[in-house]
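Chemist: Pasted the sequence and its predicted model underneath.
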Amino acid sequence: MSNRTKVSVCMIAFKVEKYIQKAIEGVLMQEVDFEIELIISNDNSPDKTGEIVEKIIETHPRGSWIKYKKQEKNIGSTLNYLWVLENCTGNYVSICDSDDFWSDPNKLQNQVDFLEGHPEYIASFHNRYMCDENGNVTSTSIDENQKRNWNFEELILRMPEIPSASVVFRKREDFNLPEEFRKVVVNGDTFLWTYLLQFGDFYYDSTILPSYYRQHSNGLWSSNNSFKKSKLSYNTYLLLKESFPERKSINDQLFEIKNNLFYYAFKEREFKIFGKYYFSNLFTCIIRPKYLKSFFRIHKPLLSRLSGK
């Protein structure tokens with residue numbers, strides 16, 4: 001193994017004693033001709049997560065790849081995410097949450113080789129399987145129309161699924177996430193992708209075997225219903241608007257998210273929240289008629305729910 005290229009794999013951990021060994025093994029099985037570091041930050045988890053990591057470091061032939069940190073106190077997923085990103089030393093960064101795992105031993109080699117030869121791309125991603133907490137596959141693919149390359153405006157407007165455990169990105173020397181990232185509640189990957197897309201497009205690689213995204217009751221994203229996910233997305237896009245005020249596409253997507261918010265608020269009988277976002281978008285349509293088509297489109301399922309159909 002030479003020092004020609006170095007990849008940092010970021011892994012945050014909290015209450016994942018059932019899953020983290022599988023996640024680590026997916027990293028340590030990688031066959032590469034460059035140096036890898038696996039940075040694991042344990043957010044002061046109260047279970048046996050730390051013991052499992054330390055045992056792997058001591059007993060696995062590639063345990064030396066792991067750089068392990070247990071936070072002295074719980075700092076939350078976003079700041080923990082930021083900690084691992086800031087402590088990466090590699091030219092490229094890969095992400096694997098501790099409840100996800102990889103299936104392709106050539107994943108990192110193939111993605112880094114592509115990015116080395118295509119400087120116009122900032123990142124590479126691939127397909128994923130979705131599974132339950134026991135590893136049983138529940139979905140074998142992202143949507144077919146999302147298996148493509150993405151630029152900044154397209155990602156903002158269409159909000160495709162880019163599985164975090166599938167991504168490898170080039171870490172520029174001037175890598176510096178905006179301060180607003182610290183305020184993101186859960187879906188920090190959306191913010192990270194948006195930041196990276198300033199510097200190049202995302203490439204979809206169909207040749208790599210899927211990663212596995214695990215849905216379980218403790219999942220930071222998967223445990224939420226559609227209403228809560230819309231609220232979390234709205235918070236993230238408000239922060240993106242602060243960070244990239246010149247990008248009009250963010251305002252367009254904020255309008256779409258508010259459409260979802262008042263629809264799901266009505267569904268959950270949260271009528272105060274329904275009124276807030278409904279009349280906000282109605283006012284926006286009055287001063288910006290370009291949004292009328294989108295606003296009226298959401299009325300079809302809304303009226304259908306109102307009529308009880």
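Modeler: Received, thanks.
Chemist: Please list all residues in contact with Thr89.
Modeler: Lys6, Ser8, Glu37 (C-beta atoms under 8 Å, 6 or more residues apart in numbering). Placement of C-beta: from N, CA and C, glycine included.
Chemist: So which of these are in strands?
Modeler: Judged by DSSP state E, the subset of those located in strands is Lys6, Ser8, Glu37.
Chemist: Hmm, Lys67 and the last one touching each other?
Modeler: This means Glu37. Yes: using C-beta atoms under 8 Å, Glu37 is in contact with Lys67, at 5.6 Å.
Chemist: Put together TSV for the ones in strands among the contacts of Thr89, with neighbour count and pLDDT on each row.
Modeler: Formatted as TSV, the ones in strands among the contacts of Thr89 follow (neighbours: other C-beta atoms under 10 Å; pLDDT from 0 to 100):
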residue	neighbour count	pLDDT
Lys6	17	89
Ser8	22	97
Glu37	18	96
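Chemist: And those, which is closest to Lys183?
Modeler: Closest to Lys183 out of the ones in strands among the contacts of Thr89 is Ser8 (24.3 Å), distances taken as C-beta to C-beta.
Chemist: what residue ranges in the stretch 151-300 of the chain are flagged as low confidence?
Modeler: In the prediction, the stretch 151-300 of the chain carries residues with pLDDT under 70 at positions 216-224.
Chemist: Which stretches in it count as helices?
Modeler: For the stretch 151-300 of the chain, the helices defined by DSSP state H, counting those that start in this stretch occupy 152-158, 188-196, 226-243, 248-267, 271-287, 292-297, 299-306.
Chemist: Next, the contact list for the spatially most central residue of the chain, please.
Modeler: The residue lying closest to the centre of the chain (C-alpha atoms, centre = their mean) is Asp189, at 3.2 Å. Counting by C-beta under 8 Å, 6+ apart, Asp189 makes contact with Ile95, Ile162, Ser164, Val167.
Chemist: what about the closest residue to Lys267 other than its chain neighbours, distance to Leu82?
Modeler: In this structure, Lys267 finds its nearest non-sequential neighbour in Arg305, 6.3 Å apart by C-beta to C-beta, 6 or more residues apart in numbering. Arg305 sits 39 Å away from Leu82, going by C-beta to C-beta, to the nearest Å.
Chemist: neighbour count winner among those two?
Modeler: More crowded of Arg305 and Leu82, by other C-beta atoms under 10 Å: Leu82, with 20 against 12.
Chemist: And the more buried one, its phi and psi?
Modeler: phi -60, psi -40 (degrees, to the nearest 10).
Chemist: How confident was the prediction at it?
Modeler: Predicted confidence (pLDDT) for Leu82: 94.
Chemist: Over to the one 5 residues further on?
Modeler: The predicted structure scores Asn87 at 94 on the pLDDT scale.
Chemist: Any chance of the contacts of Thr89 in CSV with distance to Phe295 as columns?
Modeler: Output for the contacts of Thr89, formatted as CSV (distance: C-beta to C-beta, whole Å):
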residue, distance to Phe295
Lys6, 49
Ser8, 44
Glu37, 49
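Chemist: ok, those vs Thr59, which is closest?
Modeler: Glu37 (18.6 Å).
Chemist: separation between Leu155 and Lys15?
Modeler: Applying C-beta to C-beta to Leu155 and Lys15 gives a distance of 30 Å.
Chemist: Compare those two and say which is more crowded by neighbours.
Modeler: Leu155 (20 against 16).
Chemist: quick one, what contacts that one?
Modeler: Leu155 neighbours (C-beta under 8 Å, 6+ apart): Ile162, Trp193, Thr194, Leu197, Phe202.
Chemist: Hmm, Phe266 is touching Leu302, no?
Modeler: Yes: contact criterion C-beta under 8 Å: Phe266 and Leu302 qualify, at 6.4 Å.
Chemist: Tell me which of these two has more neighbours.
Modeler: Of the pair Phe266 and Leu302, Phe266 is the one with more neighbours under other C-beta under 10 Å, namely 20 against 17.
Chemist: Tell me, how many residues neighbour the residue nearest to the more buried one when sequence neighbours are not counted?
Modeler: With sequence-adjacent residues excluded and distances taken as C-beta to C-beta, 6+ apart, Phe266 is closest to Phe274, at 4.7 Å. Residues near Phe274, counting by other C-beta under 10 Å, number 19.
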